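> when you get a sec, could you give me coordinates for this:
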Amino acid sequence: MPMGPPSAGKVLSMLRQITTVVWSAIVLVTAGCNSGSPPADASLAEEETGEPADEVIQHFSQFYRDADSFRVESQVTVELQLESGELPPDYEPMQSTRDFLVARPNRLAFHDEQGVTVRSDGDQLFAATPDLKRYWRRDAPGALTELLGTSVASLFHGAAMMRPVALTSDDPVTALNAPIEQLRLVGTEEINGVKAHHLKVRPANSDDAAATGIEQIEIWIAAEGDPVLLQHRILHAPQRMQVAPDESINASMIVTETLSNWEFDPDQVEESVRFEPAEDALRFAGLTTVFNEPDPMIGKPAPEAVLNLIDGETRRLSDHKGQEIVILDFWATFCGPCREEMPILERLEDEYRDDGVIVYAVNLRETPESIKQFMREESLDLVAVLDPNGEITRRYKVQGIPHVVIIDREGIVQSIHVGVNPELGETEREFREEIEALISGRNISEEGLAH
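Below you'll find the predicted structure:
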């Protein structure tokens, strides 16, 4: 069944949720460039053919490879370019201003106008809420570019919005997110009073544009003095969007990042990248716990549940009160992320069994035969619980799986995890930190983790 145009609410949410749209499109473009050169008969419009940009790119690349540290201000603007129809009355372009300080190999200070703070002092990586009352910590990466493919990128609105970080790569041209062999130098113009080389690339043909959703990429690099990146723009292909029950528009999305106030080898790098949490700040193991609204169930008594084990035994959740830390893992055999997460939970249960940790794998409405077959095929030895009528699932308000609920010895829900972090090592670290804190008797829902 064909899908209709985006709803009215989605028109504006497109601008607020640029991460997936922009980054997925850019990934497709750069993946295409790695697959080979453009067809021999590919050509740009005559007025945009220009000259090869090799010399500009080489100068740019060498400059950033030699740069040890810098500060820069980034302003991102996301706007719609109307093809047909009328924009909603409350439409206005989205703008976001962010400040970066980066120093090779792994020091970083980032702050945006919403107040999100990210710091890497070379040993530890921190992220904190605008009021600095909640924060997250993990080991610093070996190089800042390692963050581009991690959950941390969500704090920057996606890896595509981490261009200053990408410039610290061994190959700084990756920050341009463009098929370099197709870039053409089309002239010079001024950007904020600075003379700039104007580079442009269009997909080699209409099929490429349809596959990536991108019609054009433009780049401006300073033509005098240091060859700094001044501006980067992506023009997305037009798409139909519904703005009212009986009204739609056809519009392109334009994402422009302007980089200004470049400062190289700045003073006070060490002071800028340091993060010292306030005494009353709470630390949590997961980024989502820090930045999302807490689940209403956290900090409250866990709902009672009758646990019908796959071997026929029946237990009650309350049987464990005062004795064990219980982990309920809601899952199904068809769930790929569940398949990735379950071995982690089994490993942690084995490691902390003597400390009173038990995991129940609560299956969603599947037959005992299919569950046993899955466990055999995946070589899992978790205690499987049947929930054929979805009673336990409803009590715990499970909307998506995997859904993991960690309950302390007093029967209080201390943590809830929905989905799986693509960095499975991070998933295990989060579980481990929380389990060890609960074993020590800490109430993490109220006290957080130890600083």
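
> if I pick the nearest residue to residue 316 once chain neighbours are set aside, what's in contact with it?
Nearest residue to residue 316, sequence neighbours excluded (CB to CB, 6 or more residues apart in numbering): residue 306, at 5.9 Å. For every residue, glycine as well, the C-beta is placed using N, CA and C. By CB atoms under 8 Å, 6 or more residues apart in numbering, the residues touching residue 306 are 314, 315, 316, 391, 392.

> what about these, which are in strands?
Among the contacts of residue 306, the ones falling in strands (DSSP state E) are 314, 315, 316.

> my guess is residue 322 contacts residue 356. True?
No. The pair residue 322 / residue 356 is not scored as a contact, 10.2 Å apart, by CB atoms under 8 Å.

> any residues in contact with both of these two?
residue 409.

> more neighbours: which of these two?
Ranked by neighbour count (other CB atoms under 10 Å), residue 322 and residue 356 place residue 356 first, with 14 against 9.

> now stretch 412-430, how far from the centre of its chain.
15 Å (CA atoms, centre = their mean, to the nearest Å).

> mind listing what's buried in it?
For stretch 412-430, the neighbour count (16 or more other CB atoms under 10 Å) marks 412-418, 420-421, 426-430 as buried.

> same deal with stretch 244-257?
Across stretch 244-257, burial judged by 16+ other CB under 10 Å covers 248, 249, 251, 252, 253, 254, 255, 256, 257.

> could you do stretch 92-104 as well?
With burial defined by 16+ other CB under 10 Å, the residues of stretch 92-104 counted as buried are 94, 96, 98, 99, 100, 101, 102, 103.

> how many other residues sit next to residue 291?
Residue 291: 17 neighbours (other CB under 10 Å).

> same deal with residue 367?
Residue 367 - counted by other CB under 10 Å - has 12 other residues nearby.

> can you redo the ones in strands among the contacts of residue 306 as TSV with neighbour count, pLDDT and distance to residue 153?
Below are those laid out as TSV (neighbours: other CB atoms under 10 Å; pLDDT from 0 to 100; distance: CB to CB, whole Å):
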residue	neighbour count	pLDDT	distance to residue 153
314	8	97	45
315	16	97	42
316	11	98	43
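
> nearest to residue 436, of the residues you listed?
Ranked by distance to residue 436 (CB to CB), the ones in strands among the contacts of residue 306 are led by residue 315 at 25.0 Å.

> tell me the bridge partners for the closest one.
residue 307 (DSSP bridges).

> how about residue 259?
According to DSSP bridges, beta-bridge pairing links residue 259 with residue 74.

> and the protein, what are its domains?
8-32+42-273, 293-447 (automatic domain parsing).

> who wins for proximity to residue 285 among those?
Nearest of these to residue 285, taken as CB to CB: domain 293-447 at 4.1 Å.

> how close does residue 313 sit to residue 262?
66 Å (CB to CB, to the nearest Å).

> also residue 340?
The gap separating residue 340 from residue 262 is 42 Å, by CB to CB.

> quick one: the helices in this protein?
Applying DSSP state H to the chain gives helices spanning 8-16, 18-34, 54-66, 163-166, 206-212, 269-273, 287-291, 336-352, 368-377, 391-395, 424-439, 444-447.

> so which of those is the most packed in?
Ranked by mean neighbour count under mean count of other CB atoms under 10 Å, the helices of the chain are led by helix 163-166, which reaches a mean of 23.

> other residues contacting that one?
Under the criterion CB under 8 Å, 6+ apart, residues 70, 72, 74, 100, 102, 108, 144-145, 147-148, 156, 159, 172, 174-175, 177, 229, 232, 257, 259 lie in contact with helix 163-166.

> then stretch 60-70?
For stretch 60-70, contacts defined as CB under 8 Å, 6+ apart pick out 101-104, 107, 164, 167-168, 170-173, 175, 221, 226-229, 262-266, 269.

> find the centremost residue of this structure, please.
residue 154 (3.2 Å; CA atoms, centre = their mean).

> how about low-confidence regions in this structure?
The model of the chain has pLDDT under 70 over residues 1-50, 203-211.

> which phi and psi does residue 313 have?
Here is the backbone geometry of residue 313 (degrees, to the nearest 10): phi -70, psi 150.

> can you count the residues close to it?
For residue 313, using other CB under 10 Å, the count is 9.

> please apply the same query to residue 262.
Around residue 262 there are 18 residues (other CB under 10 Å).

> just checking, it touches residue 72?
Yes. Using CB under 8 Å, residue 262 makes contact with residue 72 at a distance of 5.2 Å.

> can you pull out the strands in the stretch 201-350 of the chain?
Ranges of strands in the stretch 201-350 of the chain, per DSSP state E, counting those that start in this stretch, are 214-222, 229-236, 239-244, 247-264, 282-284, 306-309, 314-316, 325-331.

> nearest residue to residue 255 in space, ignoring adjacent ones along the chain?
residue 234 (4.8 Å).

> and residue 320, what is it in contact with?
Residue 320 touches 326, 358, 407, 409, 411, counting by CB under 8 Å, 6+ apart.

> so which pair among the residues you listed is furthest apart in space?
Going by CB to CB, the pair spanning the contacts of residue 320 furthest: 358 and 411, at 13.4 Å.

> and residue 55, how far from residue 61?
Distance from residue 55 to residue 61, by CB to CB: 11 Å.

> cool, residue 188 as well?
19 Å.

> is it true that residue 417 touches residue 400?
No. Judged on CB under 8 Å, residue 417 makes no contact with residue 400 at a distance of 11.0 Å.
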